[in-house]
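S.K.: Quick one: sequence and predicted model below, then my questions.
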Amino acid sequence: MSSGKKTKVSMRKCEVYDVSILEPMIQNMLNEICNPKALFTRGKKVLIKPNLVSPVSPEKAATTHPAMVEAVVKILVAYGVEDIWIGDSGIHGTDKIFTVCGMTDIAERYGCKICDFDRYEIDRVENTANVILKKIPMTKYIGECDLVINMPKTKIHHAVLYTGAIKNLYGTIVGKNKMKLHANLGTKDNFENALLDLYSTINPALTIMDGIVGMEGNGPANGKPVRSNMILASTNGLALDIVAMRQIGIKVKDVGYIEKGIERGVGPKENDIELIGDVIESVKYDKPSGYLIKFNGWAERVTPVIYKFFKPIPLFDQKKCVKCGICVEICPANAIVLPDVPKVDRETCISCFCCQEACFSDAITRSDSKKKGI
């Protein structure tokens, strides 16, 4: 990314999910970072991509709060935008996710289109400038809309430490293609570069982050709600992620895809960001159980033999496990079997922890966690 003009990130303090407060607040933030009147014109198709990782109530803080999405929808309607789409691809069936997470209600009240990425055509998008993903199996909705508004949630992530703007767009990859990519990419470095390829290819016009209540601990689905009382907005998702991470006590060097993103020019360096708005007290989010920043990803770069013995693998809590089989179904490496209780083949496991993310019962921990399963 070229130096010179600084990238703007707007940050506002907000403690409530009240649309009457959020709508004017977000409108003011947009006025600071872009020209919304030129961006949101009548006739445009606008796709909103929230984080809808699982069908849980907004109070669990795993998903983008519906009040945030509704506030943005109201802003778009006020500008005369008629084609407003809300879309995602969920592990547990998107219909249920849209309903439980409040998106179906918003769509019905404002005439929005619900876009289930898993039930639409796949577009094999080519981008020769990408490092890893030269051809991406993403939803065709991306190519059919005029602009994308990325609406992530501030969360800790068990595998990559932090998930926000960049990571949220992984949900545009359709269905089990997400799992196949985990298996085919092989290493953490490849996965991090793939996330950046995806963001660069989609290039969302805006990112608006719900950080009023985020998730710490074993995110992105099984962590604990934590207040950070912030909303962030920017035209550059990586810049926004850097600010959000700073607010929750995470350094750039500790999140590989953010560090790589700066090196690749996907976003600015920290000192090339202009932060506008409120000064908000930072809140240090708890890391995932047993997460070792310096060790994470180290062994796989040294030698596959060492990594085989030191890599973290899923462990299962017999008391919590309901034997639903979602872990077996979701595993991209086919490393889990369920004869009686789930068991993992260490040789085959790629340590992606898709199983942990999908587990409704919170029955899966990492082998390097302080809380051991089986």
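M.R.: Perfect, thanks for sending it. No experiment lies behind these values; they were computed from the predicted model shown.

S.K.: Quick check on Arg12: phi, psi?
M.R.: Main-chain torsions, Arg12, degrees, to the nearest 10: phi -130, psi 140.

S.K.: In contact with it: list those residues for me.
M.R.: 25, 28-29, 230-231, 277-278 (C-beta atoms under 8 Å, 6 or more residues apart in numbering). From N, CA and C alone the C-beta is placed, and that goes for glycine too.

S.K.: Now do the domain split for the chain, please.
M.R.: Structurally, the chain divides into domains by automatic domain parsing as follows: 7-277, 298-366.

S.K.: hang on, the earlier thing: in helices, which of the contacts of Arg12 fall?
M.R.: Among those, the members found in helices (DSSP state H) are 25, 28-29.

S.K.: Which one (most neighbours) among those residues?
M.R.: Comparing those by number of neighbours (other C-beta atoms under 10 Å), Met29 comes first, having 24 neighbours.

S.K.: Would you agree that one is in contact with Ile231?
M.R.: Yes. With contact defined as C-beta atoms under 8 Å, Met29 reaches Ile231; the gap is 7.0 Å.

S.K.: Return the per-residue confidence for Trp298.
M.R.: What the model reports for Trp298 is a pLDDT of 48.

S.K.: hey, where'd the strands end up in the stretch 51-200 of the chain?
M.R.: 83-88, 113-116, 122-126, 135-139, 147-151, 153-157, 161-163 (DSSP state E, counting those that start in this stretch).

S.K.: weakest of the ones you listed in terms of mean pLDDT?
M.R.: strand 122-126 - the lowest mean pLDDT of the strands of the stretch 51-200 of the chain, at a mean of 89.

S.K.: Where does the prediction get shaky in the stretch 251-374 of the chain?
M.R.: The stretch 251-374 of the chain contains residues with pLDDT under 70 at 290-310, 368-374.

S.K.: 80 - rerun?
M.R.: The stretch 251-374 of the chain contains residues with pLDDT under 80 at 289-311, 339-341, 360, 366-374.

S.K.: Just the strands from it, written as ranges.
M.R.: Assigned by DSSP E, counting those that start in this stretch, the stretch 251-374 of the chain shows strands spanning 273-277, 314-316, 336-337, 343-344, 364-366.

S.K.: which one of those strands is the most hemmed in?
M.R.: strand 364-366 (a mean of 26; mean count of other C-beta atoms under 10 Å).

S.K.: Strand partners (parallel or antiparallel) of it?
M.R.: strand 314-316 (antiparallel) (DSSP bridges).

S.K.: What residues of stretch 321-333 count as buried?
M.R.: Burial within stretch 321-333, assessed by neighbour count using 16 or more other C-beta atoms under 10 Å, is assigned to 321, 326-327, 330-333.

S.K.: could the ones in helices among the contacts of Arg12 go into JSON lines alongside distance to Met68?
M.R.: Shown next, in JSON lines, are the ones in helices among the contacts of Arg12 (distance: C-beta to C-beta, whole Å):
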{"residue": "Met25", "distance to Met68": "10"}
{"residue": "Asn28", "distance to Met68": "15"}
{"residue": "Met29", "distance to Met68": "12"}
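
S.K.: ok, now which ones touch the residue lying closest to Ser10 once chain neighbours are set aside?
M.R.: Leaving out its chain neighbours, the residue that sits closest to Ser10 by C-beta to C-beta, 6 or more residues apart in numbering is Met29, at 4.0 Å. With contact taken as C-beta under 8 Å, 6+ apart, Met29 is in contact with 10, 12, 208, 231, 233, 277.

S.K.: Now the two most distant members of the residues you listed.
M.R.: Ile208 and Gly277 (13.1 Å; C-beta to C-beta).

S.K.: so how many other residues sit close to His157?
M.R.: 21.

S.K.: Please tell me how far the residue lying closest to it once chain neighbours are set aside sits from Glu274.
M.R.: Spatial nearest neighbour of His157, chain neighbours left out: Thr163 (4.1 Å); criterion: C-beta to C-beta, 6+ apart. To Glu274, Thr163 is 24 Å away according to C-beta to C-beta, to the nearest Å.

S.K.: Please apply the same query to Ile132.
M.R.: Counting by C-beta to C-beta - Ile132 and Glu274 are separated by 31 Å.

S.K.: got it, and Lys320?
M.R.: To Glu274, Lys320 is 46 Å away according to C-beta to C-beta.
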